[in-house]
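# Provide a 3D model corresponding to the input given below.
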Amino acid sequence: MFDSIKQFLNEQPPRLQWLQIEVTSRCNASCVYCPRTVYRKNWINRDFPPDLFKSLYPSLGKARIVHLQGWGEPFLHPEIFSMIRMTRQVGCKVYTTTNGTLMTDNVIEEIINSGLSMISFSLAGFGETNARIRPGTDSEEVINSVERINMKKRELGKKYPKIHLAYILLNSTIQDVRLIHEKLAGTGIEEVIISTLDFVPEENLQIEAIRPGIDSNYSYILNELNLASELCSKAGLKLYYRLPYPDILNPLCTEKVLKSAYIGSGGDVFPCAYMALSARDVSHMSDGGMVPYKGFSTGSLRETSFPKIWHGNDSRQFRNSFFTGGYFPMCRACPKRMEE
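Numbering: from 1, shown residues only. Here you go, the predicted model:
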C-alpha cells in the first residue's frame, strides 16, 4: 500500500511559483555577453518539440507563472502562439521576453489576441550603447514596437499583455540608466527590471560584471540606480533592480529553485537557466578564473513525465543541497545568492 501511495504522489504535478520553458535556443541577435554568442561554435540550435510541449499540459496548470523563453528568441518558434494559447487554457499567467526584432503588425495582433499576460523587451542601454552590446537589435525599434503594441491594445480594448523592459546593466553602460525615464515614459512600459551579468562566459567579459568587493565604483552604481529609480517614479514608471551585495552569500538564491524549474529546448529538465546551456565543451568564469562548464539535468521529458522528474532522486538531491550546504558547483559562488 505504501508503494502505491508513493507512486501516486510521484505522478502528481508539483505546485510551482514558475515554470520556464525554452521554446527555442535559436536567436537572430548577437549580444556580446550572451553564452549563445560566445559559444556559437559549440551551440546547439533547436526548437522545443510541440509533442513534448503537449505532454506538459497536466503540469502547466500547477504553475503560477509559465515563462515561455530561454536563451533564444521565442518568436522564432513557428508554434509560439499555439504554446501561449495552450498554456493560457489551464489558467496560469504566461510571460515571455523578446529582443523586439520580429514585431510585425501581424505578430503584434497575435500577441494581444493570444492571451499573453506579460511581454518583456530586452535592452542594454540606448542608441549606440545598446547597438554595441546587443548587435542585431535597435533600441529605437524596441521602443517603437512597445508603442505599437500599446496602441493596438487600446484599439482592441485589451488590457494585456502588460509590457515590461528587461534591462541588463554592465559596468560600461551605467551612464545610460539616467535616460530610462526620458526614453520610456509614456510608451506603454509599466515596469523596468534591471539585472546584472550573472553568468560570465569568457574572461574578457569579467570587467562588465558588477560584483561586490571587486568594483571600486560600487557605491557610485548604487547611487545611479537610486537616482534612476526616483526619476522613473516621477515619470510614472516602476523601476526594480537587484545587485549582488557585499558580504552576502545567502543559503537560498533569488531564482527560487526550490519552487521552480527550467525545461530546455531539447526537453531536458534543469534547476535553472544557468545549468541549462545548449553548449558542450565550454568554460566560464567562476571564483576569479575560467572553469569547465558543468550543467545539471534532472531528467528528460523524452523518457519520463515532468512530475516523475520533479519527485525523482536527482531533483531531490539538488533541492536538499540548499539545506545541507553541499552546493552544486554552479551554485557555490552564484551571484543570485548574493542578492537581497
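
# which residue ranges of the chain form strands?
If you assign secondary structure with DSSP state E, the strands in the chain sit at 16-21, 63-68, 93-98, 118-123, 162-169, 191-196, 238-241, 260-263, 268-270, 283-286, 289-292, 299-300.

# with distance to Lys336 and mean pLDDT added, can I get those strands in CSV?
Glycine gets a C-beta too; all of them are placed from N, C-alpha and C. Rendered in CSV, the data for those read as follows (distance: least, CB to CB, whole Å; pLDDT from 0 to 100):
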stretch, distance to Lys336, mean pLDDT
strand 16-21, 14, 96
strand 63-68, 16, 96
strand 93-98, 17, 98
strand 118-123, 18, 98
strand 162-169, 15, 98
strand 191-196, 10, 96
strand 238-241, 14, 96
strand 260-263, 12, 97
strand 268-270, 14, 98
strand 283-286, 13, 93
strand 289-292, 17, 93
strand 299-300, 23, 97
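
# next, count neighbours for the nearest residue to Glu202 once chain neighbours are set aside.
Excluding the flanking residues, the one nearest Glu202 by CB to CB, 6 or more residues apart in numbering is Val38, at 5.2 Å. Neighbours of Val38 under the rule other CB atoms under 10 Å: 21.

# that older thread, the strands of the chain into a markdown table, with extra columns for mean neighbour count and distance to Val107?
A markdown table is the format used below for the strands of the chain (neighbours: other CB atoms under 10 Å; distance: least, CB to CB, whole Å):
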| stretch | mean neighbour count | distance to Val107 |
| --- | --- | --- |
| strand 16-21 | 21 | 19 |
| strand 63-68 | 22 | 14 |
| strand 93-98 | 22 | 10 |
| strand 118-123 | 23 | 11 |
| strand 162-169 | 21 | 14 |
| strand 191-196 | 18 | 22 |
| strand 238-241 | 17 | 26 |
| strand 260-263 | 23 | 24 |
| strand 268-270 | 22 | 29 |
| strand 283-286 | 18 | 34 |
| strand 289-292 | 12 | 39 |
| strand 299-300 | 18 | 31 |
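
# closest to Phe306 out of those strands?
For Phe306, the closest of the strands of the chain is strand 268-270, at 6.7 Å, according to CB to CB.

# by contact count, what packs against that closest one?
Identification of packing neighbours for strand 268-270 by 3 or more CB pairs under 8 Å, 6 or more residues apart in numbering; DSSP states H and E yields strand 260-263, strand 299-300, helix 306-310.
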